[in-house]
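Participant: My questions are about this predicted structure, shown below with the sequence.
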Amino acid sequence: MPSVEIHGTPIFYREHGRGLPCLVMHGGLGLDHTYLSALDALDDMLHLVYYDHRGNGRSGRPPLDTITFEQLCADADALRAHLGFERVAVLGHSGGGFIALEFALRYPQRLSHLLLVTTAPRLEFGSPAMLARMERKGMTPAMRAVVEKPLEDDTALEHFFRTMAPLYYHTYDAAVVERQIRDIIFDAGAFKRGLALAAGWKATLRLGEIRAPTLIIAGGDDVIYPPADAEVLHRGIAGSELVVFERSGHHPYVEEPEAFVNALRGWIRRHC
C-alpha cells in the first residue's frame, strides 16, 4: 500500500472505489483506518481514500507534539493535493469527526461534502455522563478496572478496547468485532495525545460556518456519542440531514450495514 511524505512524516493511505473523492478520517486517536473497512460497500459511489493520521497505524511516528488540529488538517489537505483532487468529501468517525469538523472550518474551499458518523462537536470521552451511560448498559467490574487503570503501553490500549467492546454495540457479536479490529495497530501515545488535544475543544459555536452539504449519522444505542450529540450538530449546521440507526451503537456501518449503505447512497444521489 502507498504512503506519501507529508510535512516530514510518511502518511499511509489506501484508495478504493470510484465516484466522489472522499477522505476517510478514523477515530481514536490511537487506532487506524482498518476498522472502517466495511465502508468499502460504498465503492460504487465513493472514491474512498482511507488513511492513518500521523502518529497512528501505518503512518510515521513524528514527535507527539506535532499532532495538533492544525497539523492534522494540513496533512489531510496535502494528501488531497497529492492525489490531484480539487475538492473532496470528508467522512469522519468518532474522534475522526473532530478532525473532519476542523477541516470543514479550516479548508471550506476544499470541502465538497461532509459526513459525520457517530461523533460530536466536543469531547466527552470518559466524562461522568458517558460513564453513566456505560453503567446503564451493563458495565462489568472488568470494564471498570480498565477504565480506572492508566494506559501504560500499546498492549494495554488494545486490552482496553477489547474489554470495553460489548458496550460499543447494540448487539455484541464477538466474531464480528474481531473481524473489525483484528488489523488495528494500536498506539497508546497517540491515544493519550488525542485526548489531551481534544480536551476543552468545542466546535459548537462555529457549526453555523459550515456550508457544505452535511450528513450526520447516529447510533440510537451509542454510549460514546449518543443521538443527543448528533442533534446538536444537526441544529448547528444549516441544511444538514440526520439519520439515526436505532439498532446500532457506535458502529452502525457494522451493525446495520445495508441500511447504512442505502442511507448514504440516497444522500449522495441527492447532493451530487
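Facilitator: That came through, no problem.
Participant: Would you map the strands across the stretch 51-200 of the chain?
Facilitator: With strands called from DSSP state E, counting those that start in this stretch, the stretch 51-200 of the chain shows them at 88-93, 111-117.
Participant: Flag every buried residue along the shortest one.
Facilitator: The neighbour-count criterion (16 or more other CB atoms under 10 Å) identifies 88, 89, 90, 91, 92, 93 as the buried residues of strand 88-93. For every residue, glycine as well, the C-beta is placed using N, CA and C.
Participant: possible to save the strands of the stretch 51-200 of the chain as a markdown table with mean pLDDT and distance to residue 130?
Facilitator: Output for the strands of the stretch 51-200 of the chain, formatted as a markdown table (pLDDT from 0 to 100; distance: least, CB to CB, whole Å):
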| stretch | mean pLDDT | distance to residue 130 |
| --- | --- | --- |
| strand 88-93 | 98 | 17 |
| strand 111-117 | 98 | 18 |
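Participant: so which of the ones you listed gets nearest residue 182?
Facilitator: strand 88-93 (17.8 Å; CB to CB).
Participant: Each with direction, which strands does that closest one pair with?
Facilitator: strand 20-25 (parallel), strand 111-117 (parallel) (DSSP bridges).
Participant: re the thing from before, looking at the buried residues of strand 88-93, which one is closest to residue 53?
Facilitator: Among the buried residues of strand 88-93, and counting by CB to CB, the member closest to residue 53 is residue 92, at 11.0 Å.
Participant: so what's the closest one bridging to?
Facilitator: When assigned by DSSP bridges, residue 92 has beta-bridge partners residue 25, residue 116.
Participant: Give the buried residues for stretch 121-130.
Facilitator: For stretch 121-130, by 16+ other CB under 10 Å, it's 121, 122, 123, 130.
Participant: What is the burial count for the closest residue to residue 56 other than its chain neighbours?
Facilitator: Distances taken as CB to CB, 6 or more residues apart in numbering put residue 190 closest to residue 56, at 5.0 Å, once the chain neighbours are dropped. A total of 28 residues lie near residue 190 under the criterion other CB atoms under 10 Å.
Participant: what residues are up against residue 190?
Facilitator: 28, 29, 30, 53, 55, 56, 64, 67 (CB atoms under 8 Å, 6 or more residues apart in numbering).
Participant: picking that back up, mind putting the buried residues of strand 88-93 into JSON lines with distance to residue 227?
Facilitator: Putting these into JSON lines (distance: CB to CB, whole Å) gives the following:
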{"residue": "88", "distance to residue 227": "27"}
{"residue": "89", "distance to residue 227": "23"}
{"residue": "90", "distance to residue 227": "22"}
{"residue": "91", "distance to residue 227": "19"}
{"residue": "92", "distance to residue 227": "17"}
{"residue": "93", "distance to residue 227": "16"}
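Participant: Need the max-distance pair from those.
Facilitator: With CB to CB as the measure, no two of the buried residues of strand 88-93 lie farther apart than 88 and 93, at 16.0 Å.
Participant: Okay, now the unreliable bits of the stretch 1-150 of the chain?
Facilitator: 1 (pLDDT under 70).
Participant: Can you tell me the SS state at residue 5?
Facilitator: Judged by DSSP: H, G, I helix; E, B strand; the rest coil, the three-state class of residue 5 is strand.
Participant: Please read the previous query as pertaining to residue 12.
Facilitator: Per three-state DSSP, residue 12 ends up strand.
Participant: Check whether it really touches residue 3, as I assumed.
Facilitator: Yes - using CB atoms under 8 Å, residue 12 is in contact with residue 3, at 4.6 Å.
Participant: what touches both of these two?
Facilitator: Residues touching both residue 12 and residue 3 (CB under 8 Å, 6+ apart): 58, 59.
Participant: Comparing the two, which shows the higher neighbour count?
Facilitator: residue 12 (21 against 16).
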